[in-house]
Each structure stands twice: as structure tokens, then as C-alpha cells.
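A.B. asks: Sequence first, predicted model second:
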Amino acid sequence: MISVQEQDFNQQEEYDRLKCKTSVGAIVTFTGLVRDINNGQSVSDLSLEHYPGMTEKCLIDIVAQAKQRWNIIESTVIHRVGHLAISDQIVFVGIASQHRGDAFSACEFIMDYLKTQAPFWKKETMSDGQTQWVDAREVDQDALSKWAVK
Amino acid sequence: MIKVLFFAKLSEQLGCRELQVDATAVENTDQLFQYLIEQKAEWSSILTSQFCLKAVNQAMVNNNVLLKDGDEVAYFPPVTGG
């Protein structure tokens, strides 16, 4: 399941959806939240813009790549857009597989690719009321290198 | 027509989110860029920045790409989701 949405998501509902088959032996989930600090500056809220259409295609492609590399029984990627407050949930990746190794790897792979490929952009409002677009970080690009096919 | 989209910081810098370009005026993405900066010279440095990425029909491209009527071209900064 892939969804780009404004509304919040429920961890229990997403977990239950991943747990739907009796062959599932491992579920790994990741949740990204809005932090109150970025680069040492105090953040008061966040807005997320995306490229409708391309975003969904990109997420479908990332999950398809993960399914080629690991044994995945069910997968969920949810990314929120629009206005978000501190501690709000931004992104959810959940992987259900037979064994934990596939679930851990696929979940991390999807997050690493999502952060560098999917067309989302964050704009922060700082505590002094100023707004600024978040810059892409090199560490996110570096994280991709560990998934290079050798 | 070719639909041209700008997103995030880039659209704010350009003061434009979307425009339409006559498909007979441009054959490829290089010509589209030339067409855009002929209309607005001040866009040149923004659209040639290393921080400006390009997608044609919702797929990232690096090189010059042929365009046809109905295509969609987007310019945007490096992504920061997740």
C-alpha cells in the first residue's frame, strides 16, 4: 500500500494490515516525526510540498526495487504532505516478511531511497516566525551508497 | 502545448508555479531552457544551478530530451522528504 496524504495515520491499523497473512514472521516499521530543532535552530512547524503524480510513481518504483532484492510479503509506505506540527508523524514505512533480515533491510532501503529520490520538499517555520526551505543533506546521499549492487 | 512546472524553493525564486509553452516552439529540453530565459533572462542562473533538477513526464532526466505536444517538464530543487 502506498499513500501520499494530508491526514494522519494510525500505527495499530498499519501494523494490523501488515500482519494479515499467517506466513508473516517479522514486521519492521519506521516512523519519521517532525523535530523541534534542525541544524541547531528551533523549529515551530513544517509544511511539506510534493509533486503529485511523480511522487506516487517514485514510491511505487522504490517498493518494486525492494521487492526484487528481498522477500517481502506486505509493504506500506505513507507520506504526509501539507501543514505539520512538532511531533506529528511525517512518514511511515512498514515491511512484513518471513524473517527479520529481509524486513530490516527493505525498510531501511526504502527510507534511504525515499529521502533522496521522492519529490517531497520541507519548509520550516522557525520559532522567530522566519521560514526556510530545508536543504538536502549529503549524509542522505551517502546512505544510498551502501545499497549499490556490487 | 508543453506543461512546465516549478516546485518548492525554485517556484518561489522564479515567482512562477506553472506555465504552458507552445510545442511547436521547442523540440527538446535544451530549447525549452533557451525559450524560458528568452522570456525571463533573470531565470537563467536559477535554472542552470547545480541545485536545479529536471523531470520529463515525471521521470528524472540529466541530458537533453526530445519533447512533444502534451509532455510535462518539471524543475525543482533536491528533494528533502522523509
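C.D. replies: Structure received.

A.B. asks: In contact with the nearest residue to B:S44 once chain neighbours are set aside, which residues are there?
C.D. replies: Closest residue to B:S44 apart from its sequence neighbours, by C-beta to C-beta, 6 or more residues apart in numbering or on different chains: B:I37 at 4.4 Å. To be clear about C-beta, it is placed using only N, CA and C from the backbone, and glycine gets the same treatment. Neighbouring residues of B:I37 by C-beta atoms under 8 Å, 6 or more residues apart in numbering or on different chains: B:43-44, B:47.

A.B. asks: Can you pull the residues of chain A lying near chain B?
C.D. replies: A:32, A:48-51, A:53-54, A:57, A:79, A:90-91, A:111, A:114-123, A:133-136, A:140 (C-beta under 8 Å from any C-beta of the partner chain).

A.B. asks: sorry, back to before: so which of the contacts of B:I37 belong to helices?
C.D. replies: With DSSP state H as the criterion, helices contain B:44, B:47 from among the contacts of B:I37.

A.B. asks: what's around the residue of chain B found nearest chain A, how many residues?
C.D. replies: Going by C-beta to the nearest C-beta, chain A is nearest to B:G81 of chain B, at 2.6 Å. Using other C-beta atoms under 10 Å in any protein chain shown, B:G81 has 26 neighbouring residues.

A.B. asks: so it touches A:H50, yeah?
C.D. replies: Yes - judged on C-beta atoms under 8 Å, B:G81 makes contact with A:H50 at a distance of 7.3 Å.

A.B. asks: Look up the residues that both of these two are in contact with.
C.D. replies: With C-beta under 8 Å, 6+ apart as the test, B:G81 and A:H50 both reach A:79, A:118-121.

A.B. asks: Can you tell me which of the residues you listed lies closest to B:D71?
C.D. replies: A:P119 (17.2 Å; C-beta to C-beta).

A.B. asks: tally of neighbours for the closest one?
C.D. replies: Neighbours of A:P119 (other C-beta under 10 Å): 26.

A.B. asks: in chain A, which spans are helices?
C.D. replies: Using DSSP H, helices in chain A cover A:11-18, A:54-69, A:100-117, A:138-145.

A.B. asks: List the buried residues for the third one?
C.D. replies: Buried positions in helix A:100-117, judged by neighbour count with 16 or more other C-beta atoms under 10 Å in any protein chain shown: A:102-117.

A.B. asks: Now for A:T116: which residues touch it?
C.D. replies: A:136, A:140-141, A:143-144, B:79.

A.B. asks: repeat that for 7 Å
C.D. replies: If you count contacts by C-beta atoms under 7 Å, 6 or more residues apart in numbering or on different chains, A:T116 has them with A:140-141, A:144, B:79.

A.B. asks: again with B:K54
C.D. replies: B:29, B:61, B:73, B:75.

A.B. asks: wait, which of those residues is closest to B:D22?
C.D. replies: B:V73 (13.4 Å).

A.B. asks: near chain A, which residues of chain B show up?
C.D. replies: B:7-9, B:55, B:58, B:74, B:76-82 (C-beta under 7 Å from any C-beta of the partner chain).

A.B. asks: Recalculate using a threshold of 10 Å.
C.D. replies: With C-beta under 10 Å from any C-beta of the partner chain as the criterion, chain B meets chain A at residues B:5, B:7-13, B:51, B:53, B:55, B:57-60, B:72, B:74, B:76-82.

A.B. asks: Sweet, I'm off.
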